[in-house]
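Undergrad: what shape does this take:
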Amino acid sequence: MDLRRRLVSHLGTLLAGLLLMATLINLYSLRQDIDAEVSASEQLVKVLLAAGQLEPGLPPATAAEHVQAIVDSGALRHLSISLDATAPANKPVSKSVLLAGWLGVESTDTPGQLIQLGEQTLRIAPNPASEIEERLGDTVRLCITLLLFSGATLLVAWRAADRALAPVRELESGLQRLARGDTEAALPPFALREFSRVAGAIDDLAASLAESRAAQRQLSRQLIEVQEDERRTLARDLHDEMGQTLTAIGVTAAYLERNATQLDAGQVIECAGDLRRDVKASGEQLRAMLKRLRPHGLDANALASALRELLASWQQRESGIDFRIAMPAGLPTLGEAAGLVLYRVVQEALTNVVRHSGAQHCRVTIEATEQAVHLSVSDDGKGLPDDRLARRGGLLGMTERLAMLGGRLEIQGGPNGLHLQAILPLTREEQLKELS
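TA: Residues are numbered from 1 along each chain as shown. Reported below is the predicted structural model:
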């Protein structure tokens with residue numbers, strides 16, 4: 001059941017109960033009115049009969065006492081009867097008459113009508129106070145009914161809101177558990193459909209969050225491994241290449257130092273040539289290492305040249321893959337961070353192609369618009385065996401690099417190869433440089 005149906009059912013039950021209560025109260029009031037009306041009619045008949053059956057010759061005071069005793073034995077509705085031929089004296093004003101005056105209801109007493117029964121004269125006059133009191137009683141009952149209705153409505157509304165918000169508190173607790181680092185929200189089952197949908201969305205969020213945290217830990221481990229690999233490679237290159245070159249320079253310098261007085265000019269020239277050759281080789285080795293660590297000056301022209309050199313280096317390694325690159329004659333003027341990100345994405349994509357794809361052809365395409373640079377790397381290899389691999393390893397690293405600059409990576413894998421589409425937006429300054 002959804003929340004709307006539950007609220008409607010609860011409110012409908014409440015309204016039906018209150019309507020039944022109001023009906024019972026009105027029926028009870030109606031029964032009292034009927035009984036009072038019948039009693040008043042019977043009492044009027046008794047008064048008239050008693051007044052007509054009084055013995056002739058009774059003193060007026062005694063006859064009035066008899067009639068008054070009969071009048072007082074039962075209530076009359078809307079009428080007042082007295083054994084008096086004269087107009088009634090002014091009576092004290094009752095509270096009901098005062099209230100009727102405040103409400104603008106006319107309640108002025110009238111002389112009434114004189115009825116001759118035998119030797120007795122009865123004065124029958126209307127009694128507005130009786131009708132006013134009756135209406136006031138009905139009003140009081142109606143107000144009590146409305147108060148009961150309002151109180152019950154507020155109580156049911158508070159109870160319904162409290163029960164409706166109980167799942168919200170459970171959802172809040174689940175989100176707090178996720179914020180604390182728990183892998184699951186641990187939400188209970190909900191009877192209402194809306195909260196079940198929200199709980200399902202939170203469970204999906206928890207799964208995605210757990211997957212993202214696992215990918216982040218893997219990326220951190222991979223970063224440490226890459227750093228260690230780079231350090232080992234740098235140490236090996238320094239030892240195997242520059243170490244040998246520096247050793248040769250040191251040997252030549254030591255030879256000159258020991259035999260400087262005995263060498264002729266030709267031998268000194270030969271030693272100087274060896275030193276110059278070794279120093280030049282050492283410089284080339286140093287530049288190659290620095291270039292592998294971080295390409296220098298990745299502006300528009302240098303970036304295009306660096307990318308071509310990157311593909312040429314992979315082509316020269318005889319990996320069995322035919323590399324091709326297509327890019328416009330003039331790339332947009334990118335900032336240093338954007339140029340480095342674009343270079344690293346191409347570098348990582350080509351590394352993945354060589355290591356994992358088993359492809360024979362790889363094509364790199366770069367296109368530029370006024371708002372972004374679009375990079376495409378496609379191969380004809382075996383693609384991704386599992387879509388979850390798109391959130392791991394080098395692909396995750398490329399995604400994170402692009403995300404730092406507001407870009408994104410789209411991956412399309414299949415049995416006919418893998419297609420990577422990287423979109424790197426241009427900043428406002430880069431767009432202005434491109435327009436100029």
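Undergrad: distance of E65 from A125?
TA: 20 Å (Cβ to Cβ, to the nearest Å). Bear in mind the C-beta positions are built from the backbone N, C-alpha and C, glycine included.
Undergrad: and these two? Which one has more around it.
TA: Set E65 next to A125 and count neighbours by other Cβ atoms under 10 Å: A125 wins out with 17 against 13.
Undergrad: would you agree the more buried one is in contact with I115?
TA: No. With contact defined as Cβ atoms under 8 Å, A125 does not reach I115; the gap is 11.1 Å.
Undergrad: what about the stretch 301-436 of the chain, any weak spots by pLDDT?
TA: 301, 385-393, 428-436 (pLDDT under 70).
Undergrad: ranges for the strands of it?
TA: Taking DSSP state E, counting those that start in this stretch as the criterion, the stretch 301-436 of the chain carries its strands at 322-326, 361-368, 372-379, 408-414, 417-425.
Undergrad: show me what S80 is bridged to.
TA: Going by DSSP bridges, S80 is paired in beta bridges with A125.
Undergrad: please enumerate the strands of the stretch 101-250 of the chain.
TA: Using DSSP E, counting those that start in this stretch, strands in the stretch 101-250 of the chain cover 113-117, 120-126.
Undergrad: what's the longest one packed up against?
TA: Think strand 120-126. helix 3-52, helix 60-72, strand 79-82, strand 113-117 (3 or more Cβ pairs under 8 Å, 6 or more residues apart in numbering; DSSP states H and E).
Undergrad: go again with 7 Å.
TA: strand 79-82, strand 113-117 (3 or more Cβ pairs under 7 Å, 6 or more residues apart in numbering; DSSP states H and E).
Undergrad: tell me how far the first one lies from the chain's centre.
TA: On the basis of Cα atoms, centre = their mean, to the nearest Å, the separation between the geometric centre of strand 79-82 and that of its chain is 75 Å.
Undergrad: show me what it is packed up against.
TA: strand 120-126.
Undergrad: change it to 10 Å
TA: Helices and strands touching strand 79-82, by 3 or more Cβ pairs under 10 Å, 6 or more residues apart in numbering; DSSP states H and E, are helix 3-52, helix 60-72, strand 120-126, helix 128-179.
Undergrad: adding distance to D240 and mean pLDDT, write those out as CSV.
TA: Listed next are these as CSV, based on distance: least, Cβ to Cβ, whole Å; pLDDT from 0 to 100:
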stretch, distance to D240, mean pLDDT
helix 3-52, 72, 76
helix 60-72, 132, 71
strand 120-126, 128, 70
helix 128-179, 51, 77
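Undergrad: so of these, which one's packed in deepest?
TA: Of all these, strand 120-126 carries the top mean neighbour count, a mean of 18, counting by mean count of other Cβ atoms under 10 Å.
Undergrad: right, and E309 touches A288 too?
TA: No. Under the criterion of Cβ atoms under 10 Å, E309 makes no contact with A288, lying 11.3 Å away.
Undergrad: quick one on the thing from earlier: can you put the helices and strands packed on strand 79-82 in a markdown table and add distance to G339?
TA: Formatted as a markdown table, the helices and strands packed on strand 79-82 follow (distance: least, Cβ to Cβ, whole Å):
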| stretch | distance to G339 |
| --- | --- |
| helix 3-52 | 54 |
| helix 60-72 | 113 |
| strand 120-126 | 106 |
| helix 128-179 | 37 |
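Undergrad: out of the ones you listed, nearest to R344?
TA: Closest of the helices and strands packed on strand 79-82 to R344 is helix 128-179, at 32.3 Å (criterion: Cβ to Cβ).
Undergrad: next, the angle from the closest one to helix 3-52.
TA: 170 degrees (axes from the mean of the first three to the mean of the last three Cα atoms, to 10 degrees).
Undergrad: how about the helices in the stretch 301-436 of the chain?
TA: 336-352, 393-404, 428-435 (DSSP state H, counting those that start in this stretch).
Undergrad: tell me which residues in the first one are buried?
TA: Same thing as helix 336-352. Of the residues in helix 336-352, 338-350, 352 count as buried by neighbour count, 16 or more other Cβ atoms under 10 Å.
Undergrad: how about stretch 283-291?
TA: Neighbour-count burial for stretch 283-291 [16+ other Cβ under 10 Å]: Q285.
Undergrad: now that stretch: mean pLDDT?
TA: Average pLDDT, stretch 283-291: 78.
Undergrad: list the contacts of that stretch.
TA: Applying Cβ atoms under 10 Å, 6 or more residues apart in numbering, the set of residues contacting stretch 283-291 from outside is 233-234, 237-238, 240-242, 244-246, 296, 306, 309, 313.
Undergrad: would you list the buried entries among the residues you listed?
TA: D237, E241, M242, T245, A306.
Undergrad: and those as CSV, adding distance to V377?
TA: Listed next are the buried ones among the contacts of stretch 283-291 as CSV, based on distance: Cβ to Cβ, whole Å:
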residue, distance to V377
D237, 28
E241, 31
M242, 33
T245, 36
A306, 16
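Undergrad: between those, which is closest to L331?
TA: Nearest member of the buried ones among the contacts of stretch 283-291 to L331, counting by Cβ to Cβ, is A306, at 11.0 Å.
Undergrad: in this structure that closest one contacts V346, no?
TA: Yes. Counting by Cβ under 10 Å, A306 touches V346, with 9.2 Å between them.
Undergrad: return the residues in contact with A179.
TA: A179 touches L209, counting by Cβ under 10 Å, 6+ apart.
Undergrad: without its sequence neighbours, what residue ends up closest to L311?
TA: Closest residue to L311 apart from its sequence neighbours, by Cβ to Cβ, 6 or more residues apart in numbering: F323 at 4.6 Å.
Undergrad: ok, that neighbour touching A349?
TA: No. Counting by Cβ under 10 Å, F323 does not reach A349; the two are 11.1 Å apart.
Undergrad: now do the shared contacts for these two.
TA: C362, V364, D379.
Undergrad: PyMOL command for the buried members of those?
TA: Per 16+ other Cβ under 10 Å, the buried members of the shared contacts of F323 and A349 correspond to this PyMOL selection:
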select buried, resi 362+364+379
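Undergrad: out of the shared contacts of F323 and A349, which is nearest to L424?
TA: Using Cβ to Cβ, those come closest to L424 at V364, 14.2 Å.
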